[in-house]
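Asks: My questions concern the predicted model and sequence given below.
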Amino acid sequence: MNRSRQGKGVALHIDKAPSSGFKATARPGPKRRIHTSQTHQRIRSNREHEASSSNLRSAHEPRKFIIGIDYGTTLTKISYLTHPIGQLNPQAFPWEVKTIRNWPYDTPTNPKKQVPSESWYSHVPLKRAPAFEDDAHGDFLYDLEENFHPLADRPNDSTGSSHSEAQSNADENAANYDNTSKYLWGYAVPRHQFRTDLAIGGRSSLRLIKRAKLMLVDTSYTGEEKVRLRRKIDQLVKQGMILNYSMKDKPDSRDVIDIITDFLVKALGHTKKQLELLEGLTDKCEVEYALTVPAVWTPEASRILQTATRAAIRATGFGNSKDGIVDDIFIVSEPEAAATFLLANTADRLLPNEVFIIADCGGGTVDMVTYGIDQSWPLRLKDEKVPPRGDNCGSSYLNENYRAMLLRRLQDETYLTHNGESMGAIVNRLIPAFENDIKRNVDMTKECGLTPVYISQLKGDQQQDLFGTALKRFSPNLLLVDKSDFEEIFHPLLQRIERLLEEQIILAQEKDLAVKKVFLIGGFGESPSLQNHLRKFLAGISSRSRNEIQLITSIKSLDKENSPQFLDKTVAVSSGAVLRALNKDNGPDRIAQASYGLLHTEVYDRKSLTHRYARPEPPSELDGEVYVKTIVYFMVKNKLIKSKHKFETFDMAHEFAEDEDKFICEELLFASDSSTESNYAREDIVNKDAQLVGSIVTDMTFLRDQGLIELTVPDAGEKGKPRWVVIYDLVVEVHGKNLKYFARYPPGPEGTIRKSAQLSIAAAFRPGTA
């Protein structure tokens, strides 16, 4: 019998035109005839039909927006596509998917399609709603009364891509950036970091958050990075910047929720303003989100990102929402999204059963996944042929190696710090030039000459009377970087990427699978150094195995004129997520990857196996019984769950003291990535990973006030006191990617719904499941 809990209940410039190489206009002169696939014919026919009927649509006709989010370890990309609401079977070419630009503090002359996944908290805590025990995955992660996230733009904020001019000037002129309460995110972080000396009064580096996504990766290669992040998270919790959702002594990955939510509130807020300004987004438009996750993620990690995303959507008002609940989130794996973008409409189509590797080389992590082609249209991949692998050897670590190299070479130049500036601050100012230019163009596999780095007041070798082996490769105001320096910077990371790729190829060979192509994507994948290093490696392994393996560094898609056009691989994941959400047919079966259940109160039985590790409560003052908390799972891992499904109705019972003021009934919903057995105690090892993901709180006081129930009085000799007993139904149903549950009274099909709640369970299925 469930009984009431004490205390208050717990409720539960846009990329409009293709970038260089993407022109859709016909080339001059005669064109080479290219065979048009049936896929291309279907899309072209759809486009022609839409164009012919465009004059019938109002310019202000509400449209549907599909938003693809690639929340990366170092960079985030947000892509989108729009089509008329109600359009049957909408289709699109890869190059028709657009990507958000004009990020605040980005270079206006060269607006980028990504924003750094970085944030920097000030010394002023953000006002947040209190966290309840274990409650880390509900929709309501901020003040329900104000309905306002502390970082969300208020309705009267000006639209546009950048902060207010007054605030900008205040930040620019502040001698100490800790004097402002401004939360920094995206490009504002490196803008301030690389021109501020943290050692002499700048913002504390303990509140500077980078690579937060690594907290959700449970692998050995992220261990050291997670330790550093954990120290910062603990400090932010201690200072009241973010909430501790785990409420436990040991570290918990859920504590990163506020950090991700805060960043996404800003990123989605900017996206919303851009679409309102340039695409006619209004409150009447429908919005669907496609969220990408790494192939190696657990369902718990996906739930955390899903929770943060839903909270950000609700905070910004950018999405379909009913009673504060965000409905439409589709989850797809990053490699599948990338493959959909790169391969769905290419000039050189892969054949069914062909085996290939996607090497996603980003800024923080490098992930290798080996796939086979299941079907060409719509493009669907077979399960991973071998276990995917990854390592935190992305391009952002080149920056760290570059910084370490400079500090080593400048360690004796103490005269540079005589003005009070630290050597670290001097080197920090040199990072942007390396990030934006040097590392993107240098090819350390070839003779790369000398690259000059300007350092004011640096003394040259001749000025220091250095000769022979003592030469430092210094000229007046210039530090010269040669091939040996670039090898120091690049080689350790290139070797780690090579080992990941070699492992995938060897594992495939052990299964008699012949890898034919390696698709190199991600920002690091654009590096000439990495491309030529892997080409040399694949040439050697191809020769030894007598199986040619191609490294694919550029992809062509057929445009409207049947001409091949290069695709921008840097947005393959976010853009591919949009295309994958556009056509969800023939995805994975709806097999649950996690179990969902309700917290249940039952009489303690010391002989029961399920109560072996139970911590029974003291005898109830109301009925004298000893109770224990257990979890009863209704949706069980590895079971097929239909898109429309109703579980067996739960009979819920709560007891209240005779003089209880309110009859507040609360049911708690738990999820477990491992447990499949019910009625075990909450603290049993069977439920070791069970986490609270939702609740439903119902006020049943009206039953007493309206005389619908009678006071239960114990018979003579019975234990307990007079009490009120409330009995009602809890109905649980699956509706697509959402779990809906209702408190119904009177019990039975004819009863009235007294309260309802909803929870997204998109993360409970394999990525790509409709």
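Replies: That came through fine.

Asks: what's downstream of the longest helix belonging to the chain, the next helix or strand?
Replies: Ranked by number of residues, the top helix in the chain under DSSP state H is helix 483-510. Next helix or strand after helix 483-510 toward the C-terminus (DSSP states H and E): strand 515-521.

Asks: what's the angle between the longest helix of the chain and strand 515-521?
Replies: Going by axes from the mean of the first three to the mean of the last three C-alpha atoms, to 10 degrees, helix 483-510 is angled at 140 degrees with respect to strand 515-521.

Asks: Show me what helix 483-510 is packed up against.
Replies: Contact partners of helix 483-510 among helices and strands, from 3 or more C-beta pairs under 8 Å, 6 or more residues apart in numbering; DSSP states H and E: strand 355-361, strand 366-375, strand 389-391, helix 396-409, strand 515-521, helix 528-545. Where you see a C-beta, it was placed from the backbone N, CA and C, and this is true even at glycine.

Asks: Deepest in the core, which of the ones you listed is it.
Replies: Sort the helices and strands packed on helix 483-510 by mean neighbour count, taking mean count of other C-beta atoms under 10 Å, and strand 355-361 sits at the top with a mean of 25.

Asks: quick one: contacts of it?
Replies: 334-335, 338-339, 350, 366-373, 385, 394-395, 497, 500-501, 504-505, 508, 513-525, 527, 530, 534, 573 (C-beta atoms under 8 Å, 6 or more residues apart in numbering).

Asks: if you set the cut-off to 6 Å instead, what comes out?
Replies: 335, 338, 367-370, 372, 504, 513, 515, 517-522, 524-525 (C-beta atoms under 6 Å, 6 or more residues apart in numbering).

Asks: now swap in stretch 594-603 and tell me
Replies: 2-3, 299, 625, 627, 629-637, 667-668, 670-673, 675-676, 764.

Asks: The residue nearest to residue 127 when sequence neighbours are not counted and residue 311, how far apart?
Replies: Leaving aside its sequence neighbours, residue 127 sits nearest to residue 150 (C-beta to C-beta, 6 or more residues apart in numbering; 5.1 Å). Distance of residue 150 to residue 311, computed by C-beta to C-beta, to the nearest Å: 12 Å.

Asks: next one: residue 75
Replies: 21 Å.

Asks: what's the next secondary structure element after the lowest-mean-pLDDT helix or strand in the chain?
Replies: Ranked by mean pLDDT, DSSP states H and E, the weakest helix or strand in the chain is helix 165-173, scoring a mean of 39. Where DSSP H and E defines the elements, the next helix or strand beyond helix 165-173 is strand 184-185.

Asks: So what touches stretch 679-689?
Replies: Counting by C-beta under 6 Å, 6+ apart, 610-611, 613-615, 628-631, 672-675, 677 sit against stretch 679-689.

Asks: buried sites along it?
Replies: Within stretch 679-689, the residues that count as buried by 16 or more other C-beta atoms under 10 Å are 679, 680, 681, 682, 684, 686, 687.

Asks: Can you give me the neighbour number for residue 746?
Replies: For residue 746, the count of nearby residues is 12 (other C-beta atoms under 10 Å).

Asks: and if you look at residue 351?
Replies: Around residue 351 there are 8 residues (other C-beta under 10 Å).

Asks: For my notes, confirm it occurs in a strand.
Replies: No - under the criterion used here (DSSP: H, G, I helix; E, B strand; the rest coil), residue 351 is coil, not part of a strand.

Asks: what's across from the closest residue to it other than its chain neighbours in the sheet?
Replies: Among residues not flanking residue 351 along the chain, residue 373 sits closest, at 6.6 Å (C-beta to C-beta, 6+ apart). Per DSSP bridges, the residues bridged to residue 373 are residue 381.

Asks: My read is that residue 373 contacts residue 340, right?
Replies: No - counting by C-beta atoms under 6 Å, residue 340 is not a contact partner of residue 373; they are 11.8 Å apart.

Asks: Look at residue 434 and report its pLDDT.
Replies: Per-residue confidence at residue 434 stands at 95 (pLDDT).

Asks: likewise the one 5 residues further on?
Replies: In this model, residue 439 is scored at 94, pLDDT.

Asks: and if you look at the one 4 residues further on?
Replies: The score at residue 443 is 95. That number is its pLDDT.

Asks: Do you know the pLDDT at the spatially closest residue to it that is not a sequence neighbour?
Replies: Leaving aside its sequence neighbours, residue 443 sits nearest to residue 528 (C-beta to C-beta, 6+ apart; 4.0 Å). At residue 528, the pLDDT value in this model is 96.

Asks: How about residue 345?
Replies: Residue 345 is given a pLDDT of 63.

Asks: Residue 105 now?
Replies: 93.

Asks: surely it meets residue 187?
Replies: Yes - between residue 105 and residue 187 there is a contact at 3.8 Å, judged by C-beta under 6 Å.

Asks: remind me which residues of the stretch 551-700 of the chain are low pLDDT?
Replies: Applying pLDDT under 70 to the stretch 551-700 of the chain flags residues 557-565.

Asks: The same query, at a cut-off of 50, please.
Replies: Low-confidence regions of the stretch 551-700 of the chain, defined here as pLDDT under 50, do not occur.

Asks: all helices for it, in order.
Replies: For the stretch 551-700 of the chain, the helices defined by DSSP state H, counting those that start in this stretch occupy 572-582.

Asks: which residues of it fall in strands?
Replies: 556-558, 564-566, 595-603, 627-635, 644-646, 650-657, 664-672, 680-681, 691-699 (DSSP state E, counting those that start in this stretch).

Asks: Select, out of those strands, the one closest to residue 722.
Replies: strand 650-657 (8.4 Å; C-beta to C-beta).

Asks: about what we covered before: which stretch among the strands of the stretch 551-700 of the chain comes nearest residue 232?
Replies: When those are ranked by proximity to residue 232, the top entry is strand 691-699, at 22.9 Å, counting by C-beta to C-beta.

Asks: Tell me the strands beside that closest one, with direction?
Replies: If you go by DSSP bridges, strand 691-699 pairs up with strand 664-672 (antiparallel).

Asks: ok, residues contacting the strand it pairs with?
Replies: Outside strand 664-672, the residues that touch it by C-beta under 6 Å, 6+ apart are 5, 9, 594-599, 631, 654, 689-700, 730.

Asks: Hey, what's the angle from that strand to strand 595-603? Just curious.
Replies: Here strand 664-672 runs at an angle of 130 degrees relative to strand 595-603 (the same axes, to 10 degrees).

Asks: A strand includes residue 288, no?
Replies: Yes - assigned with three-state DSSP, residue 288 falls within a strand.

Asks: Which strand residues bridge it?
Replies: residue 66.

Asks: Repeat that for the one 4 residues further on.
Replies: Assessed by DSSP bridges, residue 292 has beta-bridge partners residue 332.

Asks: returning to that earlier point: take the strands of the stretch 551-700 of the chain and lay them out in a markdown table including distance to residue 468.
Replies: Output for the strands of the stretch 551-700 of the chain, formatted as a markdown table (distance: least, C-beta to C-beta, whole Å):
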| stretch | distance to residue 468 |
| --- | --- |
| strand 556-558 | 53 |
| strand 564-566 | 49 |
| strand 595-603 | 71 |
| strand 627-635 | 74 |
| strand 644-646 | 79 |
| strand 650-657 | 84 |
| strand 664-672 | 67 |
| strand 680-681 | 75 |
| strand 691-699 | 65 |
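
Asks: out of the ones you listed, which comes closest to residue 716?
Replies: With respect to residue 716, and counting by C-beta to C-beta, the nearest of these is strand 650-657 at 19.9 Å.
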